[in-house]
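Asks: Quick one: sequence and predicted model below, then my questions.
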Amino acid sequence: MRPHRVGSRASEGGVAVARKRSGPLGPQAFLAKLDSLVQDFRHRQVIFVQGDPADAVFYVQKGRIKLTVVSKQGKEAVLAIAETGDFFGEGSLAAGSSVRMSSASSIGHSTVLRFSKDAVVRLLHEDVDFADLFVSYTLARTVRVEEDLVDHLFNSTERRLARALLLLSHFGKDGKPQPVIPQISQETLAQMVGASRARVSSFMNKFRKLGLIDYDGGSRGGLQVNSSLLSIVLRD
């Protein structure tokens with residue numbers, strides 16, 4: 001892990017005060033408003049652990065981050081996969097949140113920006129554009145969590161797995177198959193859909209035989225998901 005600081009235009013706590021709206025806030029504007037620590041993580045390297053102090057918010061500059069939770073009985077589940085352009089660890093901003101409720105680790109090589117909790121809270125109060133961006137993100141995340149919960153409650157393992165693969169492959173872009181990262185494992189998929197690895201392996205073999213997925217991603221590598229996999233999700 002190679003951390004280094006990204007300088008800010010701010011002179012007070014790394015936060016630039018901007019009380020007027022200046023149009024949509026993009027990643028570059030976000031970086032300019034907060035002093036950040038840039039950290040590089042290798043595959044499976046831990047970023048924080050369940051129970052650690054909740055003292056920072058993170059942003060995925062490149063790569064993917066797996067968020068997991070472990071029960072008292074030692075059972076592990078994947079809560080979400082944060083991708084390029086996503087925040088994670090934002091639960092630390094909630095009142096009374098002093099420790100991490102989940103763990104985060106890198107899938108493949110990832111570059112992550114770390115922002116202090118106090119700086120983010122201050123900017124949320126001082127900058128309307130940033131507050132709009134952050135609220136929009138958290139609302140979208142809440143909707144996704146609700147969709148995942150409905151999926152787990154009412155759909156079969158086969159449908160949950162098909163949906164997870166479609167989401168990971170960013171299905172819908174130009175109607176073309178999109179590669180899933182090479183490092184995604186059947187163990188991670190099993191933790192995402194709440195099933196055993198053996199059961200996931202069985203369905204993956206079924207999808208492959210039906211031509212719905214392809215383990216040979218060609219020059220781009222990785223698992224390829226074909227649009228026809230949607231038929232599993234939509235099937236009565």
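Replies: Okay, I see it.
Asks: leaving aside the residues next to it on the chain, what's closest to Q45?
Replies: Once flanking residues are discounted, Q45 sits nearest to S106: 5.0 Å by C-beta to C-beta, 6 or more residues apart in numbering. C-beta: built from backbone N, CA, C; applies to glycine.
Asks: What ranges in this protein fall below the confidence cut-off?
Replies: 1-32, 172-179, 181, 217-221, 236 (pLDDT under 70).
Asks: Nearest to the spatial middle of it, which residue is it?
Replies: Nearest to the mean C-alpha position of the chain, by C-alpha atoms, centre = their mean, lies A82 at 0.9 Å.
Asks: Pairing-wise in the sheet, spell out the partners of that residue.
Replies: Beta-bridge partners of A82, counted by DSSP bridges, are I65.
Asks: about what we covered before: helix or strand for the residue nearest to Q45, which one?
Replies: strand 103-116 (DSSP states H and E).
Asks: swap in V57?
Replies: Using DSSP H and E, the element containing V57 is strand 56-70.
Asks: Could you tell me how far that strand lies from the centre of the chain?
Replies: Mean C-alpha position of strand 56-70 versus that of the full chain (C-alpha atoms, centre = their mean, to the nearest Å) differs by 6 Å.
Asks: Also stretch 207-216?
Replies: 25 Å.
Asks: ditto for stretch 141-157
Replies: 16 Å.
Asks: Can you show me the CA trace of it as PDB?
Replies: Extracted as PDB, the C-alpha positions of stretch 141-157 are listed here (Å, rounded to 0.1, in the frame of the first residue of the first chain):
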ATOM      1  CA  ARG A 141     -27.400   3.000  -2.400                       C
ATOM      2  CA  THR A 142     -30.500   2.700  -0.200                       C
ATOM      3  CA  VAL A 143     -32.600   1.800  -3.200                       C
ATOM      4  CA  ARG A 144     -30.000  -0.800  -4.200                       C
ATOM      5  CA  VAL A 145     -30.000  -2.300  -0.700                       C
ATOM      6  CA  GLU A 146     -33.800  -2.600  -0.800                       C
ATOM      7  CA  GLU A 147     -33.700  -4.300  -4.200                       C
ATOM      8  CA  ASP A 148     -31.100  -6.800  -2.900                       C
ATOM      9  CA  LEU A 149     -33.200  -7.500   0.100                       C
ATOM     10  CA  VAL A 150     -36.300  -8.200  -2.000                       C
ATOM     11  CA  ASP A 151     -34.100 -10.400  -4.300                       C
ATOM     12  CA  HIS A 152     -33.000 -12.500  -1.300                       C
ATOM     13  CA  LEU A 153     -36.500 -12.800   0.200                       C
ATOM     14  CA  PHE A 154     -38.400 -13.800  -2.900                       C
ATOM     15  CA  ASN A 155     -36.100 -15.100  -5.600                       C
ATOM     16  CA  SER A 156     -34.400 -18.500  -6.000                       C
ATOM     17  CA  THR A 157     -30.600 -19.000  -5.800                       C
END
